[in-house]
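> predicted model, plus sequence, below.
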Amino acid sequence: MQHSAMLKDTLAELAQHKLRTFLTLLGMIFGVGAVIAMLNIGEGAEREALKTIETMGLRNIIVESKSFDEKTLLEHRKHSLGVSQSDLQAAVSTLPDITGHSAERKLETYAIISHSGKSEGVAVGVLPSYLDLSSLPLAAGRNFTELEDLYAAQVAILGSQMAGSLFPDGEALGKYVKVNHVWLQVIGVLAEPFTSQNEFQGIKLGGEQNQLFMPLQTARNRFRSIPLDAELSSFRLQLAEGANTAVIAQALNALLLQRHNDIDDYRIVVPAALLAQQEQTQKIFNIVMSCVAGISLLVGGIGIMNIMLATVLERTKEIGLLRAIGATKRDIKLQFVAESFTIAIVGGIAGILFGIILSELIAFYSGWAVSWSLPAIVLSFSICALIGIAFGVYPAIKASELDPITALQTD
């Protein structure tokens, strides 16, 4: 009964000064909301980065052919033929912990058409293992086989965007697509991507949805190659679970430098290293933004202390009367701590709602990913409650130490 009466008195006291209480609440609302919003955005960015890395293959190492102007390329080709299938074969036979591999060759495409549409996309030749190593699931149809690759079969798999462009009114499977001068039968269509990012750490992503995939030997045997161009646009190696990607990447670089006569005409991409770099950057971002948001909570706590000190002065005579009729110092302390704690709790609840709304607004206008983080909500609310208690203690002690006789004589 005593606790319910104290709560009732607390709410009544706060309600008497609505504007002052509201202004005090703002510091807690903004602080909690900012912490929740920043940590939610950070969590969302981290999960989006992980999904993006999965499309590159967390256990993959990717070797990409670099682009040069004609003069530089001509000079390089005097010493190096560029990224080739023999490089891939040497890596597979030399390096440890290689469990899979694939290759890609981009074609010079001037026309991709069907009987019902056309596409501005790109055609590439790949090994059958490419889709698995690149985490590109099929929405319909099948992958091409190694036998189809060996005999340069005229089959193709379309990205979802390209399938929509070439066949806007119907099913793509079994239909024919003309790439430059060669007709290919569609045997598969990729599923929609599960990540919205088109670039990660400077690496272009997501282009597969506007690409046409054919067997690598089809690309090599049935299409003309660009003069001086490398045999492969890229190849990737899949490592065994637990393999040290950094060490293997260094060994691969040493192997390629030797084979390319020290010509730096390739780039090695290690998705695991990119993810680690992204996580470190995100961690720093979260710490900095949480500290900035925490300042708002601190300011809110100072606001609570300020308002409670002002309340002590206003209620000096009331405090003296309570002491005179038997209230103990402990009762006075509890009353004032309860008021500051109530302000913090109400501010924390309102701050959670504000943080949710702020997160959605930021995500909507910036296109950033948001992922709800329960620890962020619990942490920010707990800190808010602790601040309410901590910054209410001093005013409570000051109120309890007032001399009852002097307080009663106060005007």
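The structure has been received and is ready for your questions.
> helices of this protein, start to end?
2-16, 18-56, 70-77, 85-94, 130-133, 146-150, 160-166, 216-222, 245-259, 271-314, 316-324, 329-366, 374-400, 404-408 (DSSP state H).
> which helices and strands does the second one pack with?
I take that to be helix 18-56. For helix 18-56, the helices and strands in contact under the criterion 3 or more CB pairs under 8 Å, 6 or more residues apart in numbering; DSSP states H and E are strand 199-200, helix 271-314, helix 329-366, helix 374-400. For every residue, glycine as well, the C-beta is placed using N, CA and C.
> buried sites along that helix?
By neighbour count on 16 or more other CB atoms under 10 Å, the buried set for helix 18-56 is 21, 24-46, 48-49, 51-53, 55-56.
> ok, back up a step: reformat the helices of the chain as JSON lines; add distance to Ser102.
Below are the helices of the chain laid out as JSON lines (distance: least, CB to CB, whole Å):
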{"stretch": "helix 2-16", "distance to Ser102": "66"}
{"stretch": "helix 18-56", "distance to Ser102": "12"}
{"stretch": "helix 70-77", "distance to Ser102": "25"}
{"stretch": "helix 85-94", "distance to Ser102": "9"}
{"stretch": "helix 130-133", "distance to Ser102": "4"}
{"stretch": "helix 146-150", "distance to Ser102": "11"}
{"stretch": "helix 160-166", "distance to Ser102": "20"}
{"stretch": "helix 216-222", "distance to Ser102": "9"}
{"stretch": "helix 245-259", "distance to Ser102": "15"}
{"stretch": "helix 271-314", "distance to Ser102": "14"}
{"stretch": "helix 316-324", "distance to Ser102": "79"}
{"stretch": "helix 329-366", "distance to Ser102": "35"}
{"stretch": "helix 374-400", "distance to Ser102": "39"}
{"stretch": "helix 404-408", "distance to Ser102": "83"}
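> of all those, which lies closest to Phe235?
Relative to Phe235, the nearest member of the helices of the chain by CB to CB is helix 85-94, separated by 4.5 Å.
> C-alpha coordinates for the closest one, PDB please?
What follows is helix 85-94, C-alpha atoms only, in PDB (Å, rounded to 0.1, in the frame of the first residue of the first chain):
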ATOM      1  CA  GLN A  85      43.100 -21.400 -67.400                       C
ATOM      2  CA  SER A  86      46.700 -22.600 -67.000                       C
ATOM      3  CA  ASP A  87      46.900 -20.200 -64.000                       C
ATOM      4  CA  LEU A  88      43.800 -21.800 -62.600                       C
ATOM      5  CA  GLN A  89      45.200 -25.300 -63.100                       C
ATOM      6  CA  ALA A  90      48.500 -24.400 -61.600                       C
ATOM      7  CA  ALA A  91      46.800 -23.000 -58.500                       C
ATOM      8  CA  VAL A  92      44.500 -26.000 -58.100                       C
ATOM      9  CA  SER A  93      47.400 -28.500 -58.400                       C
ATOM     10  CA  THR A  94      49.900 -26.400 -56.200                       C
END
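> which non-adjacent residue is nearest Ser373?
Excluding the flanking residues, the one nearest Ser373 by CB to CB, 6 or more residues apart in numbering is Glu43, at 4.3 Å.
> how about Gly348?
Cys384 (3.9 Å).
> confirm for me that that neighbour is in contact with Leu297.
Yes. Taking contacts as CB atoms under 8 Å, Cys384 lies within contact range of Leu297: 6.3 Å.
> which neighbours do the two share?
Met28, Gly31, Val32 (CB atoms under 8 Å, 6 or more residues apart in numbering).
> follow-up on the earlier one: for the residue nearest to Gly348, grab the count of nearby residues.
Under the neighbour criterion other CB atoms under 10 Å, Cys384 is assigned a count of 27.
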